[in-house]
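J.: this one's sequence-less:
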């Protein structure tokens, strides 16, 4: 229970990586605020189920991460925010000359600008508490690039740069800021890319996973949400108190190539 007594806000956390990270944080003893843009009975039931499973307080707060004011309001409504995990993200794949402007704007807003807004709102709360962790879920695409993902690559590079800036601004305080850079993790976000990639390369599902999607991931295995959650818990722990302004790749060797 290394995080007992802390409160974590995890954006985009009613499914996929965000939910996996939130579960590992709760397992480590922290209270958790789940978030997404929806506000359904299932969202609130998910929070209640997690609360009972791990014996911590879990709440669900709706906020649209494409809206800066709602990003900031999420932190205000959360009350405490010792650990901020910026995870919310969307994806669209297209050549840059055909990339829809509305998709560009949405990806930059949700994947990058939301990190600015939540962090700006959370830092005063962390300073008042005398302790804080900002953990940004970036991507291998925050360190390298792939074709047809201009907005996503630009946003994730921006998140890595913002991580370094926040770390420098808080370097003399008991607050750290780091980024986790996953390779491919089998989540709804990745699942949504598979049909388009199959059509592009005229391949079946398993073939496109092994030969295209995991071609740059030397392990040829997807990372798991539990592994990303464990990395997040480590960065939030006292063991990582002198780790700040850096990236940790969980990518099966992708960025070693």
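T.: The structure has been received and is ready for your questions. Here the structure is a predicted model, which is why all the values come from computation and not from measurement. Numbering: from 1, shown residues only.
J.: Buried residues of the helix or strand that residue 114 is a member of, list them for me.
T.: Assessed by DSSP states H and E, residue 114 sits inside helix 114-129. Buried residues in helix 114-129, defined by neighbour count with 16 or more other Cβ atoms under 10 Å: 114, 115, 116, 117, 118, 119, 121, 122, 123, 125, 126. C-beta coordinates here come from the backbone N, C-alpha and C atoms, glycine included.
J.: Remind me what that helix packs against, helices and strands.
T.: helix 68-78, strand 83-86, strand 132-137, helix 150-169, strand 175-182 (3 or more Cβ pairs under 8 Å, 6 or more residues apart in numbering; DSSP states H and E).
J.: can we see that at 7 Å?
T.: helix 68-78, strand 83-86, strand 132-137, helix 150-169 (3 or more Cβ pairs under 7 Å, 6 or more residues apart in numbering; DSSP states H and E).
J.: Name every strand pairing with the shortest one and say which way it goes.
T.: This points to strand 83-86. Strands adjacent to strand 83-86 in the sheet, as given by DSSP bridges, are strand 7-10 (parallel), strand 132-137 (parallel).
J.: With mean pLDDT added, can I get the helices and strands packed on helix 114-129 in CSV?
T.: Output for those, formatted as CSV (pLDDT from 0 to 100):
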stretch, mean pLDDT
helix 68-78, 98
strand 83-86, 98
strand 132-137, 98
helix 150-169, 98
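J.: need the ones you listed in CSV with distance to residue 191 and mean neighbour count, can you?
T.: Formatted as CSV, the helices and strands packed on helix 114-129 follow (distance: least, Cβ to Cβ, whole Å; neighbours: other Cβ atoms under 10 Å):
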stretch, distance to residue 191, mean neighbour count
helix 68-78, 26, 19
strand 83-86, 22, 30
strand 132-137, 17, 27
helix 150-169, 16, 20
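J.: Please produce JSON lines containing these, extended by distance to residue 193.
T.: Shown next, in JSON lines, are those (distance: least, Cβ to Cβ, whole Å):
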{"stretch": "helix 68-78", "distance to residue 193": "25"}
{"stretch": "strand 83-86", "distance to residue 193": "21"}
{"stretch": "strand 132-137", "distance to residue 193": "17"}
{"stretch": "helix 150-169", "distance to residue 193": "10"}
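J.: What is the least confident helix or strand in this structure?
T.: Lowest mean confidence among the helices and strands of the chain (mean pLDDT, DSSP states H and E): helix 188-201, at a mean of 87.
J.: any idea of the angle that helix forms with helix 150-169?
T.: For helix 188-201 against helix 150-169, the angle by axes from the mean of the first three to the mean of the last three Cα atoms, to 10 degrees is 140 degrees.
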